[in-house]
Each structure stands twice: as C-alpha cells, then as structure tokens.
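Visitor: Could you work out the structure for the sequence below:
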Amino acid sequence: MRSTFLFIGLLLTRAAFSQVVDSAMRHVVLQGAINFRDLGGYATADGHHVKWHMIYRSADISKLTQADLDTLKARHILYDVDLRGVQESAKAPDKTNPGTDYILCPAGSDSVNGAMFRDLSKVSDGDSLMNIFYNNTAYLTPRYKPFFGKLLILPGDDALLFHCTAGKDRTGIAAALLLYALGVPYQTIREDYEATNYYRSGSNEQMIKGFVTSMHVSEPVARAMMGAKGSYLDTTFAAIRGQYGSVDRYLADQLGLDQDRITILKAKYLE
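Guide: Now for the predicted structure:
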C-alpha cells in the first residue's frame, strides 16, 4: 500500500496527492455534480483547524439527482451561494432542497465570460488569457461581499455551499479568500485551489476535447483554460496587494471583514 501511494505521489502534484490521501473525508461523491468537497480540516497558522461539515465548494449543481439532494439534506446544506452570472444561472438553475437560502452573486460574470469565450480560436497563449481574468479586481467586492455576509450569519446547525460552473475560478478565489481570512497558510490555500485538477480530471479531458474539436481552440490554450494553476491564484493575490496595499486591508475595507467580524468567522468555523 505504501509503495502504491509513493508511486501515485510521483505522478501527481503535492496538492493533488494530499487530496487523494484525504479525499475519502473531503470528497462528497454525487451523481449530478463534480468537484464537490468539504473545506474542513485545514490547519491554520496558529494551530486551529477549519471545522468539517460546515462549508462546501462545488461545480454546477443544476443536475443533482434526488439521491444527491438527500445527501445535501443529510449534511444540513441549507445555504447556497451561486457565483455564476445571470445568464449562466438562468440556463442551468440550481437544484436545491425546499427551504434552501439561495443567493446569486453574478457581478462581472456575464461580461467577463462573454469576453473570454469570444474568438478563442485566435488565442495563442492560454496562460495570458487566464491571468487577465485573475488580475481583474473590479468585480471581487460585489461578487464576494454577499458570500461573506451569509457566512457571518450562518446558523450553527446549518452548512453552506458555494459554487460556480466549473468550481474552479470564481469558486477557487472565494475559497482562497475565506481560508485566508480564517488564518490558513497561503501554501495550503494554493494546494486547495490546485486540487481542482484532481477532482475535475475526467471532466476536464472531455471539455478540452470539446474546445479543440468544436471551437477550434488549440489544445495548449484549452488545457490552460481548464487548469487550476497556482500561478493564477498568485495573480489575484498580487493584484489585491497592488491595489489595496495588503490582503488584510482588502478584507477589512472592501469586504467589511474588520477584526470583529474576523473574530466571528474564526469562532464559527475554527476548532
């Protein structure tokens, strides 16, 4: 068994390998959604851990089956933060259980997605394309402030799910900002972001093939678009520091997460 894990470790990044090891706890296997996982268990710099079974991240949940909905109900997932655009959410509405508190946080998604997916066949550098998205701070505050607003009022017995379409970019940044606010080291945050490559591996290959054959996108560009490279997340954090001076100042001044609210977040989601 040990030799098997060592072999897998040679083939995967550190982030993906760590997710293979603890995926039995973190991964919520559903029939109608992928990249659905618990954010619990991550250690903070001061020795605490994010609580399990309170915060979940996912890709699109418009195709959940009744069995999937039963799973969400059993996990008390009664808050749903949808980070997709208005058009995305209208085409594929979330499937949720009755009584679920749902909010849509579409800021920038319709305009940015439209620009990104226009004339992809002419794009020659996928990394540059993705870094344009991750460098754009214009929509961060209106997109993520409502997300943190729900986290601050979440009842102790309930759980919250946040997602976009792939569960990679908008969801990845949301997870990164939350884990940062809770005091999780950036290296761990980066690994959680990159772990999407593990949880979406099969789906990514199908989508890459579709981009290449149907939209005439070059394979390197398609792979860059579907990948979760740590350097992309680095770009967002660098852009935040460049515009606001520090990530902490951004959280306080733009998202309303002053020290009192950070204390509330930590009291609710750390053990």
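
Visitor: What residues of the host helix or strand of residue 239 count as buried?
Guide: Element membership of residue 239 [criterion: DSSP states H and E] is helix 230-244. By neighbour count on 16 or more other C-beta atoms under 10 Å, the buried set for helix 230-244 is 230, 232, 233, 235, 236, 237, 239, 240, 244. All C-beta spots, glycine's among them, are computed from the backbone N, C-alpha and C.

Visitor: where does the fifth one land on pLDDT?
Guide: What the model reports as pLDDT for residue 236 is 98.

Visitor: Identify the residues contacting it.
Guide: Each residue near residue 236 by C-beta atoms under 8 Å, 6 or more residues apart in numbering is listed here: 134, 135, 137, 140, 173, 176.

Visitor: Am I right that the fifth one is in a strand?
Guide: In this case it means residue 173. No: assigned with DSSP: H, G, I helix; E, B strand; the rest coil, residue 173 falls outside any strand and is helix.

Visitor: now the strands: where do they sit in the stretch 51-200 of the chain?
Guide: Listed in chain order, the strands of the stretch 51-200 of the chain (DSSP state E, counting those that start in this stretch) span 55-58, 77-82, 101-104, 159-163.

Visitor: Identify all contacting residues around the longest one.
Guide: Strand 77-82 is contacted from outside by 56, 61, 89, 94, 96-97, 99-105, 146-147, 150, 154, 158-164, 174, using C-beta under 8 Å, 6+ apart.

Visitor: What mean pLDDT does it get?
Guide: Mean predicted confidence for strand 77-82 is 98.

Visitor: Then the first one?
Guide: The pLDDT scores in strand 55-58 average 98.

Visitor: and it, what other elements does it pack with?
Guide: strand 37-38, strand 159-163, helix 170-181 (3 or more C-beta pairs under 8 Å, 6 or more residues apart in numbering; DSSP states H and E).
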